[in-house]
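Visitor: The sequence isn't on hand, but the structure is:
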């Protein structure tokens, strides 16, 4: 249990910020709607993050890999906290958008930084369990955050919710401050990040991808299935209301019940870390998640749609925890920031493209048929993923959740 002291501190800090983020999300949507009365203005909130990520991820990884991750994570959280505090004092939509844009610019550094820090802090044999607990924490925040926000908004208004989010960022920074420094060696390496540096870094990532053909194959198959699923998510409201002819209340109920399925899945994945192999976590988790989309877009009423979403959410927890562990075990930690940022950039472009293509086809043809076809394609990618993960000569990538140090492993074909 002593070895879990620091991971629990990190989980606590990130978990508190997860909770604050969900409280904030509900509050900022209502604040913008109350300020403008425009649904388009609220939709604009969801465009800011991908734009910020696309503007940042070409160079953020080069900075992340060269600085102290613990100090960077503390600075990110304090900066986000201070920026969030400003939002309730603005009454102009564009000023609110501008602040949220800067919050997302800063936040784009946190995911890759935390992934590297987790890889260094948590021993390889504990990573699958840690990522499962992280998924459980995120699912709990997803369920509790909106409920807490609803009560607070009812009695004290949206501004308090936004202030609470700012406080949770500061608390997260404090928890990270209590953690050990795992980046002593970076203190002596301070190279200015210029265009030449970025080009060199991109070449390093390209060379890694060239030599790590098996990892890249797994990565592409997993992300293909997952990104199609994300694109399908953009049509779920339309499908529920226009095809199934359900009400807003029914939609909210389905989402709430699905959150319970995700929570149960995260709890189950945490319990099963010692009993189920890593490749089964990833492959079976992703395949069953994709089948969940097929079932959802084949549904005919409230009950079948709800059961399909519970099924989907339950197994997605396994897929996410398994993939996060596989990523941490197989990407060298000294280039993890650069690889993660560049990968996120391409994933963002693909996700935007898939969402637009799906939306366009849904306008031209039957929404249910198009979404059903896309979910079948996702299932096909997941099936190929399962086969790839169980190739007999690739067990070294999963045996005991990676028994080699990913700082020095080459895993060359």
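Guide: Nice, thanks for sending it over. No experiment lies behind these values; they were computed from the predicted model shown. Numbers count the residues shown, from 1 in each chain.
Visitor: for the stretch 301-413 of the chain, which spans come out with low pLDDT?
Guide: For the stretch 301-413 of the chain, the stretches with pLDDT under 70 are 395-413.
Visitor: what residues go with each domain of the protein?
Guide: 2-179, 201-400 (automatic domain parsing).
Visitor: Quick one: the ones you listed as TSV, columns for mean neighbour count too.
Guide: (Glycine included, C-beta is placed from N, CA and C.) Below are the domains of the chain laid out as TSV (neighbours: other CB atoms under 10 Å):
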stretch	mean neighbour count
domain 2-179	19
domain 201-400	19
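Visitor: does residue 58 count as helix, strand or coil?
Guide: coil (DSSP: H, G, I helix; E, B strand; the rest coil).
Visitor: which helices and strands does the worst-scoring helix or strand of the chain on mean pLDDT pack with?
Guide: The helix or strand of the chain with the lowest confidence, counting by mean pLDDT, DSSP states H and E, is helix 236-238 at a mean of 74. Contacting helix 236-238 under the criterion 3 or more CB pairs under 8 Å, 6 or more residues apart in numbering; DSSP states H and E is no other helix or strand.
Visitor: For the helix or strand hosting residue 373, enumerate the helices and strands it packs against.
Guide: For residue 373, the element it lies in under DSSP states H and E is helix 367-389. Secondary-structure packing of helix 367-389 (3+ CB pairs under 8 Å, 6+ apart): helix 213-233, helix 278-296, helix 336-364.
Visitor: and the angle for the first one with helix 278-296?
Guide: Relative orientation of helix 213-233 and helix 278-296, computed by axes from the mean of the first three to the mean of the last three CA atoms, to 10 degrees: 20 degrees.
Visitor: How about residues contacting helix 213-233?
Guide: Outside of helix 213-233, the residues within contact range by CB atoms under 8 Å, 6 or more residues apart in numbering are 209, 282, 286, 289-290, 293, 297, 319, 323, 326-327, 330-331, 343, 347, 350-351, 354-355, 357-358, 371, 374-375, 377-379, 381-382, 384-385, 388-389, 394, 397, 411, 413.
Visitor: how about 6 Å then?
Guide: 209, 286, 290, 293, 323, 330, 350-351, 354-355, 358, 371, 374, 378, 381-382, 384-385, 388, 394, 413 (CB atoms under 6 Å, 6 or more residues apart in numbering).
Visitor: Check stretch 243-250 too.
Guide: So stretch 243-250 is contacted by 240, 302, 367, 368 (CB under 6 Å, 6+ apart).
Visitor: Same check on stretch 176-185?
Guide: Under the contact criterion CB under 6 Å, 6+ apart, stretch 176-185 has outside partners 6, 9, 13, 68, 69, 70, 73, 74, 120, 121.
Visitor: The fourth one - nearest residue in space that isn't next to it in sequence?
Guide: Meaning residue 68. With sequence-adjacent residues excluded and distances taken as CB to CB, 6 or more residues apart in numbering, residue 68 is closest to residue 183, at 4.4 Å.
Visitor: how much space is there between the one you found and residue 83?
Guide: Distance of residue 183 to residue 83, computed by CB to CB, to the nearest Å: 25 Å.
Visitor: sorry, back to before: just name the closest of the contacts of stretch 176-185 to residue 153, please.
Guide: Nearest to residue 153 among the contacts of stretch 176-185, counting by CB to CB, is residue 13 at 25.3 Å.
Visitor: per-residue confidence for the closest one?
Guide: If you check residue 13, the pLDDT there is 90.
Visitor: so who does it touch?
Guide: 172, 175, 176.
Visitor: mind putting those in JSON lines, distance to residue 259 included?
Guide: Compiled in JSON lines, the contacts of residue 13 are given as follows (distance: CB to CB, whole Å):
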{"residue": "172", "distance to residue 259": "22"}
{"residue": "175", "distance to residue 259": "25"}
{"residue": "176", "distance to residue 259": "27"}
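Visitor: now, which of these lie within helices?
Guide: 172, 175, 176 (DSSP state H).
Visitor: can you tell me which residues contact the first one?
Guide: By that I understand residue 172. 13, 16, 17, 77.
Visitor: Next one: it relative to residue 374, how far apart?
Guide: Distance from residue 172 to residue 374, counting by CB to CB: 37 Å.
Visitor: How about residue 355?
Guide: 11 Å.
Visitor: Residue 313 now?
Guide: Relative to residue 374, and taking CB to CB, residue 313 is found at 19 Å.
Visitor: before we move on, what about residue 133?
Guide: The value you get for residue 133 to residue 374, if CB to CB is used, is 32 Å.
Visitor: ditto for residue 67
Guide: Going from residue 67 to residue 374 by CB to CB gives 40 Å.
Visitor: Kindly report the same for residue 97.
Guide: 31 Å.
Visitor: Also residue 327?
Guide: The value you get for residue 327 to residue 374, if CB to CB is used, is 25 Å.
Visitor: give me the low-pLDDT residue ranges for the stretch 151-300 of the chain?
Guide: Residue ranges of the stretch 151-300 of the chain with pLDDT under 70: 184-195, 197, 234, 248, 252.
Visitor: rewinding a little: can you list which of the contacts of residue 172 are found in helices?
Guide: Applying DSSP H to the contacts of residue 172, the entries found in helices are 13, 16, 17, 77.
Visitor: Please name the nearest non-neighbouring residue to the last one.
Guide: The reference is to residue 77. Nearest to residue 77 is residue 173, by CB to CB, 6+ apart, at 3.8 Å.
Visitor: so who does the one you found touch?
Guide: Here residue 173 is in contact with 74, 77, 78 (CB under 6 Å, 6+ apart).
Visitor: Quick check: pLDDT value at the second one.
Guide: Spelled out, that is residue 77. 93.
Visitor: That one contacts residue 171, doesn't it?
Guide: No - the criterion here is CB atoms under 6 Å, and residue 77 misses it with residue 171 at 8.6 Å.
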